[in-house]
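Student: need coordinates for the following:
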Amino acid sequence: MKALAALDPEFEHRVRLAIAVLLMRHDEISFAAFKQQLQLTDGNLGAQLRRLEEAGYLALRRDFVERKPVTWYRMTAAGRAALERHLGALQSMIAAAGSAAT
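Tutor: Prediction:
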């Protein structure tokens, strides 16, 4: 199946997929906002964000808000393209499953 080969292993983990989908909706999201939205521990969230960053799919910037450090994340162009390919492959697989059922 061609669509299966187009799936990106970086998005196979539900948390990494959720991070990417949230970032496609919003330009930037802070670590704290991700933590609240996804209800994850610092360690788990940090590991998933780091994996996407190492793949070149996320960029980060560090800032200070009221003297507290804040880390902001955004999707890179490569990350956006990879997510679009991944979602397209998922849609193809769903469509193929639907046509096979009829």
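Student: what lies in contact with the helix or strand where residue 94 lies?
Tutor: Taking DSSP states H and E as the definition, residue 94 sits inside helix 77-101. Outside helix 77-101, the residues within contact range by Cβ atoms under 8 Å, 6 or more residues apart in numbering are 1-4, 6-8, 10-11, 17, 20-21, 23-24, 52, 55-58, 75. C-beta: built from backbone N, CA, C; applies to glycine.
Student: quick one, phi/psi of the nearest residue to residue 10 once chain neighbours are set aside?
Tutor: Leaving out its chain neighbours, the residue that sits closest to residue 10 by Cβ to Cβ, 6 or more residues apart in numbering is residue 55, at 4.9 Å. Here is the backbone geometry of residue 55 (degrees, to the nearest 10): phi -80, psi -10.
Student: quick check: the most centrally placed residue in the chain vs residue 69, distance?
Tutor: Nearest residue to the geometric centre of the chain (Cα atoms, centre = their mean): residue 20, 2.1 Å. Applying Cβ to Cβ, to the nearest Å, the value for residue 20 to residue 69 is 24 Å.
Student: returning to that earlier point: figure out how far the helix holding residue 94 is from the centre of its chain.
Tutor: In terms of Cα atoms, centre = their mean, to the nearest Å, the centre of helix 77-101 is found 15 Å from the chain centre.
Student: list the buried residues for that helix?
Tutor: 79, 82, 83, 86, 87, 89, 92, 93 (16 or more other Cβ atoms under 10 Å).
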